[in-house]
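Visitor: Structure, please.
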Amino acid sequence: MDDLNERYEALNDSFRTALIYHTGIDAGFFAEYNTLLHALLYCLQQKVQFRLYADDANFGYAHGWEDYFRPFCPLVHEAFHHTYNLYRLPSWPVVCRKAWEERCLRLLRWKLKAGWRHWAGCWLAWSAYGGRTLLSQHVRFRPEGRFVIPELGIDGDYLAAYRVADAIAWRLNEPVRRECAQLASGLHLPPSYAGCQIRGGDKVMETALLPPEHYVRLLREQAPGQEVFVLTDDYRLFQRLQELAPEIRWHTLCTPEEQGYVNRSFTRANAGEKRTRMVRFLASMEILKGASLFVGSVTPGPSLYLSKLLYPRICPADCRLEDFPTVCRLPIAGRTRWADNYLHTEYFGEKGARFSI
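Guide: Next comes the predicted model:
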């Protein structure tokens with residue numbers, strides 16, 4: 001990985017035009033991290049230098065990205081990025097159509113205000129860096145097609161390129177790496193174990209959440225006899241798994257006090273609480289990367305991320321394994337529709353006859 005990062009840094013530094021990407025704006029960590037990797041790949045495709053602004057990252061508590069990770073690219077610290085370096089907006093036709101459908105002029109005012117901020121951000125970047133500098137709004141990443149970046153050994157599809165981008169960016173700093181290792185060793189997991197994520201909390205606002213029964217059925221079928229590590233944000237779900245399958249030895253880093261992740265509450269937590277929760281979360285991700293089989297939905301960010309890295313060593317909870325390379329490229333609305341259609345067919349059949357899980 002050190003050799004890969006050295007090659008990436010040399011290639012990144014060779015590009016003349018720069019793009020400064022703002023991460024940790026308003027979404028959960030893996031929604032933010034996923035778009036960061038897409039921006040990194042976009043810059044490689046376009047031969048644009050990738051720089052990062054993360055001083056105000058909602059997952060950080062003091063220094064943003066460096067609270068948990070080592071830098072993998074140049075970091076910038078100009079404060080104007082907080083207000084004026086924002087994600088790409090829907091086009092005017094899309095916003096106008098939605099405003100008409102919902103009879104909501106507020107959407108048009110939002111588009112105008114955000115558009116002005118985008119323009120102001122470009123002007124401020126030009127003034128700060130002495131030339132044309134791209135911002136987050138300029139990222140137009142498309143996951144289709146073949147990715148060819150010979151300097152980094154990339155020559156393949158989206159999943160292949162995504163894994164290399166993750167290997168570049170995911171570099172835990174030494175204190176966090178040690179704490180994650182300590183948390184993992186305290187679980188006394190066997191050399192081979194299965195893993196899954198069961199999401200609770202505010203994710204229900206985006207998509208219907210799958211019940212523990214669904215995961216128990218898949219784990220019994222696909223990983224019989226194996227111990228299972230569970231990533232969850234609600235300890236009650238972990239208890240339910242234990243009730244449903246007492247023959248399975250379950251592990252988790254979730255604490256009894258956790259009863260559903262709500263992103264707004266997390267981002268407002270004090271520095272100590274935020275760091276503790278993030279380190280347990282990152283440790284859980286490190287543990288799941290070593291699982292012999294991962295079971296997860298295609299809708300939550302952590303499950304999607306792990307499934308991209310581990311495919312085909314996965315069992316998708318709401319799509320067919322062979323469809324995953326297509327499904328994983330879709331936005332959340334598309335993945336939700338695909339999952340709903342798959343589950344309806346699986347549990348009700350084409351003639352509507354429900355069968356037991």
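Visitor: all contacts plus neighbour counts: C-alpha atoms, from now on.
Guide: OK.
Visitor: Just confirm residue 125 contacts residue 133, I think it does.
Guide: Yes. Counting by CA atoms under 8 Å, residue 125 touches residue 133, with 6.0 Å between them.
Visitor: Find the nearest non-adjacent residue to residue 222, please.
Guide: residue 315 (7.6 Å; CA to CA, 6 or more residues apart in numbering).
Visitor: Give me the neighbour count for residue 287.
Guide: 22 (other CA atoms under 10 Å).
Visitor: Contacts only, for residue 118.
Guide: By CA atoms under 8 Å, 6 or more residues apart in numbering, the residues touching residue 118 are 84-86, 137.
Visitor: Which pLDDT does the model give it?
Guide: With respect to pLDDT, residue 118 scores 82.
Visitor: And for residue 121?
Guide: 87.
Visitor: and it, what does it touch?
Guide: Contacts for residue 121 were tallied using CA under 8 Å, 6+ apart; they are 80-81, 84-85, 135.
Visitor: so which of these is the most crowded?
Guide: Per-residue neighbour counts (other CA under 10 Å) across the contacts of residue 121 peak at residue 85, which has 27 neighbours.
Visitor: Verify the stated contact: that residue with residue 133.
Guide: No. Counting by CA under 8 Å, residue 85 sits too far from residue 133 to count as a contact (11.2 Å).
Visitor: what about stretch 163-180, start to end distance?
Guide: Using CA to CA, to the nearest Å, one end of stretch 163-180 lies 21 Å from the other.
Visitor: For that stretch, buried residues please.
Guide: Applying a neighbour-count criterion of 16 or more other CA atoms under 10 Å, one finds 163-166, 168-169, 171-172, 176-177, 179-180 buried in stretch 163-180.
Visitor: that's a strand at the residue nearest to residue 222, yeah?
Guide: Yes. Applying DSSP: H, G, I helix; E, B strand; the rest coil, one finds residue 315 inside a strand.
Visitor: Counting neighbours, what do you get for it?
Guide: By other CA under 10 Å, the residues close to residue 315 number 23.
Visitor: Phi, psi for residue 172 please.
Guide: Main-chain dihedrals, residue 172, degrees, to the nearest 10: phi -60, psi 140.
Visitor: Check residue 259 too.
Guide: According to degrees, to the nearest 10, residue 259 has phi -130, psi 50.
Visitor: residue boundaries of the strands in the stretch 51-200 of the chain?
Guide: Secondary structure of the stretch 51-200 of the chain, counting by DSSP state E, counting those that start in this stretch: strands at 134-135, 147-149, 154-156, 194-198.
Visitor: circling back: relative to residue 214, how far out is the residue nearest to residue 222?
Guide: Residue 315 is 12 Å from residue 214, where distance means CA to CA.
Visitor: Equivalent analysis for residue 57, please.
Guide: From residue 57 to residue 214 the distance is 35 Å (CA to CA).
Visitor: Below-threshold pLDDT in this protein: ranges please.
Guide: Low-confidence segments of the chain (pLDDT under 70): 1, 90-92, 95, 99-100, 110-111, 201-208, 347-357.
Visitor: Report the central residue of it.
Guide: By CA atoms, centre = their mean, the chain has its centre lying nearest to residue 30, at 2.4 Å.
Visitor: you'd agree that residue is up against residue 305?
Guide: Yes. With contact defined as CA under 8 Å, residue 30 reaches residue 305; the gap is 7.4 Å.
Visitor: tell me which residues of stretch 50-58 are tucked away?
Guide: 50-58.
Visitor: To clarify, my last question referred to stretch 83-103.
Guide: Residues of stretch 83-103 classed as buried by neighbour count (16+ other CA under 10 Å): 84-87, 95-96.
Visitor: How about stretch 249-266?
Guide: Going by 16+ other CA under 10 Å, stretch 249-266 has these buried residues: 250-254, 259-261, 263, 266.
Visitor: Same question for stretch 66-83.
Guide: 66-69, 71-73, 75, 81-82.
Visitor: Give me the contact list for it.
Guide: Contact partners of stretch 66-83, identified using CA under 8 Å, 6+ apart, comprise 5, 9, 12, 20, 22, 50-56, 60-61, 65, 117, 121, 124, 168-173, 176, 279.
Visitor: Give me the buried positions along stretch 106-121.
Guide: 107-108, 111, 114-115, 117-118, 120-121.
Visitor: quick one: contacts for the nearest residue to residue 56 once chain neighbours are set aside?
Guide: Distances taken as CA to CA, 6+ apart place residue 64 nearest to residue 56, at 6.0 Å, with adjacent residues excluded. If you count contacts by CA under 8 Å, 6+ apart, residue 64 has them with 54-58.
Visitor: Same list (these) but as a markdown table, adding distance to residue 287.
Guide: A markdown table is the format used below for these (distance: CA to CA, whole Å):
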| residue | distance to residue 287 |
| --- | --- |
| 54 | 26 |
| 55 | 28 |
| 56 | 28 |
| 57 | 24 |
| 58 | 24 |
